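Asks: Following is a predicted model, sequence given first.
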Amino acid sequence: MQLDTQTSKNTRIILFLFAIQFVFIFTAENRWQINFYTPFLLQATCLILAGYFIYIQKQQTHIKNTDINISISPWRKILYFFTGTFTVALSYEEVRKLFARYPNASTLSDVMPQLDTQYDRFSHGIFPYSPVTSVPWQPYPVYMPLHWLPVGISRVLNIDTRWSGFIILAIAAGLYGYVILQRKAPTGLKIIALLLPSIVLWAYIVWGGIDIPAVLETLISAYYLVLAIGLMSKNLVITTIGIILCLLSRYTLVFWLPIFLILLWQNLSPRKNFVVWLSIIAAITFVYLLPFLSKDHTVFLHGLVYHNGCAYNCWNDFMNNKYNSSYYSGLFFAPRLYDIFPGTIEHKVFLARAVQGGVMLFLLGVYLAIYRKVKEEINFYHYCLAALYVSVFIFMLFSPLIFKYYYMPVLTISAVMCAQAIISNAKS
């Protein structure tokens with residue numbers, strides 16, 4: 001295989017767009033004059049990157065297959081897995097230094113105390129969903145089971161809770177390496193593609209401040225990495241597992257599911273559709289509904305109420321001219337919506353939620369309209385990968401309350417999408 005001018009050009013452009021996201025996310029904080037424009041620039045970057053990805057995938061119809069090479073020996077596949085894992089393991093020492101610098105996560109945010117409490121209650125046979133009394137304001141835990149159950153890894157190994165996310169991210173990176181390094185593409189492109197998800201981790205290590213020590217977003221990034229791998233590799237089993245992991249850890253994915261459901265029905269047999277959705281429903285039922293929601297049907301509602309309360313506090317700080325790191329991050333449209341909407345803080349947040357829901361529903365119509373035009377030129381899995389990236393990104397931009405670490409899964413999805421674009425555009 002060789003790189004021609006068009007492939008080199010596409011690679012440079014896709015990597016430039018990938019990098020631009022980091023510039024906006026990590027450099028705008030505390031610069032209010034610039035932050036006024038940052039959400040618009042982020043949205044434009046998101047849409048341009050997704051559009052360029054679809055453009056490259058359309059070009060692939062004229063290029064020989066770059067899918068997985070099935071002739072590779074099992075030992076080499078094992079090597080590929082550990083190579084992928086190594087891309088994350090390389091950052092171990094820097095992550096350890098961050099944990100050592102911030103040894104007590106409970107002083108940084110209430111996220112880790114909630115996760116620790118939920119797991120500890122569960123492991124002792126206590127219902128995990130009730131106010132966390134170890135935190136002065138007694139937050140109601142909003143986290144889904146697969147966000148706090150992995151804390152058990154750290155308990156078994158007797159290590160800091162935060163390492164559980166790092167360990168699972170390394171395993172997900174191993175799966176990524178297993179898939180990427182089997183692809184039929186020039187070695188240089190495969191190496192670039194292999195490194196992209198780890199660049200996201202390094203960005204948060206170098207520029208993220210307390211983002212990694214304060215929360216367990218490495219775990220959520222690992223889940224979205226699995227889902228993105230499944231879509232990139234057109235593997236229905238991995239995709240289904242990824243959906244289950246994401247749904248049972250954070251509800252953001254629900255806004256992407258309709259487009260995947262529709263395209264899956266249009267492109268695969270009813271039997272495969274049935275197996276996928278039965279698996280997802282069964283997982284949700286046995287991991288969340290039966291053990292938790294059936295015992296207290298108000299759990300989910302209480303979580304939403306608590307999350308809205310956090311948004312109220314943030315918006316109230318802004319109204320009273322108090323500094324709030326979330327508002328001055330420049331990473332979402334909430335400050336702009338605050339200026340536009342009338343009424344009380346509660347009413348403003350309600351309207352912001354309504355706008356967010358409306359935008360997500362509008363996107364579904366846009367996805368379907370575009371797919372009708374490109375369905376003969378792009379695999380539906382890859383189209384769903386682009387839709388996943390846009391859905392999660394836009395959801396964050398229109399959320400009433402976010403923090404910088406929320407963008408870690410978004411950047412991870414974009415890393416896989418860019419990797420697919422780079423490799424699929426290699427001509428043989």
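Replies: Arrived safely, thanks for sending. Numbers count the residues shown, from 1 in each chain.

Asks: So what's the residue count around the nearest residue to residue 228 once chain neighbours are set aside?
Replies: Closest residue to residue 228 apart from its sequence neighbours, by CB to CB, 6 or more residues apart in numbering: residue 416 at 3.7 Å. (C-beta placed from N, C-alpha, C; glycine too.) Burial of residue 416 is recorded as 28 neighbouring residues (other CB atoms under 10 Å).

Asks: Against residue 43, how distant is residue 416?
Replies: To residue 43, residue 416 is 20 Å away according to CB to CB, to the nearest Å.

Asks: Name the helix or strand for the residue nearest to residue 228, please.
Replies: Taking DSSP states H and E as the definition, one finds residue 416 inside helix 407-424.

Asks: That helix packs against which elements?
Replies: helix 5-27, helix 38-59, helix 163-180, helix 187-207, helix 217-232, helix 380-397 (3 or more CB pairs under 8 Å, 6 or more residues apart in numbering; DSSP states H and E).

Asks: helices and strands around the fifth one, which ones?
Replies: In other words, helix 217-232. helix 145-148, helix 163-180, helix 187-207, helix 236-247, helix 380-397, helix 407-424.

Asks: For residue 353, find the nearest of the ones you listed.
Replies: helix 380-397 (11.5 Å; CB to CB).

Asks: any idea how far that closest one is from the chain center?
Replies: Mean C-alpha position of helix 380-397 versus that of the full chain (CA atoms, centre = their mean, to the nearest Å) differs by 10 Å.

Asks: and the nearest residue to residue 238 once chain neighbours are set aside, what does it touch?
Replies: Distances taken as CB to CB, 6+ apart put residue 230 closest to residue 238, at 3.4 Å, once the chain neighbours are dropped. Shown in contact with residue 230 (CB atoms under 8 Å, 6 or more residues apart in numbering): 236, 237, 238, 239, 240, 241, 242, 381.

Asks: need the longest helix for this protein.
Replies: Ordering each helix of the chain by length in residues (DSSP state H) puts helix 345-374 first.

Asks: Low-confidence stretches in the stretch 201-350 of the chain?
Replies: Residue ranges of the stretch 201-350 of the chain with pLDDT under 70: 318-328.

Asks: What's the separation between the closest residue to residue 111 other than its chain neighbours and residue 236?
Replies: Distances taken as CB to CB, 6+ apart place residue 215 nearest to residue 111, at 4.5 Å, with adjacent residues excluded. Separation of residue 215 from residue 236 (CB to CB): 31 Å.

Asks: Tell me which of these two has more neighbours.
Replies: Neighbour count, other CB under 10 Å: between residue 215 and residue 236, residue 215 has more, with 23 against 17.

Asks: give the contact list for the residue nearest to residue 228.
Replies: Contacts of residue 416 (CB under 8 Å, 6+ apart): 176, 196, 197, 225, 228, 229, 231, 232, 385.

Asks: So what's the predicted local confidence for it?
Replies: With respect to pLDDT, residue 416 has a value of 98.

Asks: can you check residue 168 too?
Replies: Looking at residue 168, its pLDDT reads 98.

Asks: Please tell me how far it sits from residue 115.
Replies: Separation of residue 168 from residue 115 (CB to CB): 13 Å.

Asks: So if I had to pick from these two, which one is more boxed in?
Replies: Using other CB under 10 Å, the more surrounded residue of residue 168 and residue 115 is residue 115, with 27 against 23.

Asks: Which helix or strand contains the more buried one?
Replies: Residue 115 belongs to helix 111-123 when elements are defined using DSSP H and E.

Asks: in that helix, what counts as buried?
Replies: By 16 or more other CB atoms under 10 Å, the buried positions in helix 111-123 come out as 111, 112, 113, 114, 115, 116, 117, 118, 119, 120, 121, 122.

Asks: Contacts for it next, please.
Replies: By CB under 8 Å, 6+ apart, helix 111-123 touches 105-106, 127-130, 132, 134-135, 139, 141-143, 147-149, 151-152, 155, 161-162, 214-216.

Asks: redo that, cut-off 6 Å
Replies: Helix 111-123 is contacted by residues 105, 106, 128, 132, 134, 135, 141, 148, 151, 161, 215 when judged by CB atoms under 6 Å, 6 or more residues apart in numbering.

Asks: same check, this time on stretch 153-173
Replies: 84-85, 87-89, 95, 99, 116, 150-151, 216, 218-219, 222, 225-226.

Asks: make it 7 Å
Replies: Contacts with stretch 153-173, where a contact means CB atoms under 7 Å, 6 or more residues apart in numbering, come from 84-85, 87-89, 95, 99, 105, 112, 115-116, 150-151, 197-198, 213, 216, 218-219, 221-222, 225-226.

Asks: again, but for stretch 371-379
Replies: Stretch 371-379 has contacts (CB under 7 Å, 6+ apart) with 54, 57, 58, 61, 234, 263, 383.

Asks: quick one: that stretch to chain centroid distance?
Replies: Offset of stretch 371-379 from its chain centre (CA atoms, centre = their mean): 25 Å.

Asks: For it, list the C-alpha coordinates in PDB.
Replies: Provided in PDB are the C-alpha atoms of stretch 371-379 (Å, rounded to 0.1, in the frame of the first residue of the first chain):
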ATOM      1  CA  TYR A 371     -28.500   9.300   5.200                       C
ATOM      2  CA  ARG A 372     -31.100   9.100   2.400                       C
ATOM      3  CA  LYS A 373     -28.600  11.000   0.200                       C
ATOM      4  CA  VAL A 374     -25.400   9.100   1.200                       C
ATOM      5  CA  LYS A 375     -26.700   5.600   2.100                       C
ATOM      6  CA  GLU A 376     -25.400   4.000  -1.200                       C
ATOM      7  CA  GLU A 377     -21.900   5.500  -0.500                       C
ATOM      8  CA  ILE A 378     -21.300   4.900   3.200                       C
ATOM      9  CA  ASN A 379     -21.600   1.900   5.500                       C
END
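
Asks: Check which residues of it are buried.
Replies: Using 16+ other CB under 10 Å as the test for burial, stretch 371-379 gives 371, 378, 379.

Asks: Likewise for stretch 345-353?
Replies: Buried residues in stretch 345-353 (16+ other CB under 10 Å): 345, 348, 349, 350, 351, 352, 353.

Asks: Just the closest of those residues to residue 396, please.
Replies: Taking CB to CB as the measure, residue 352 is the one of these closest to residue 396, at 12.9 Å.

Asks: Now do the contacts for the closest one.
Replies: By CB under 7 Å, 6+ apart, the neighbours of residue 352 are 334, 337, 400.

Asks: No more questions from me, cheers.
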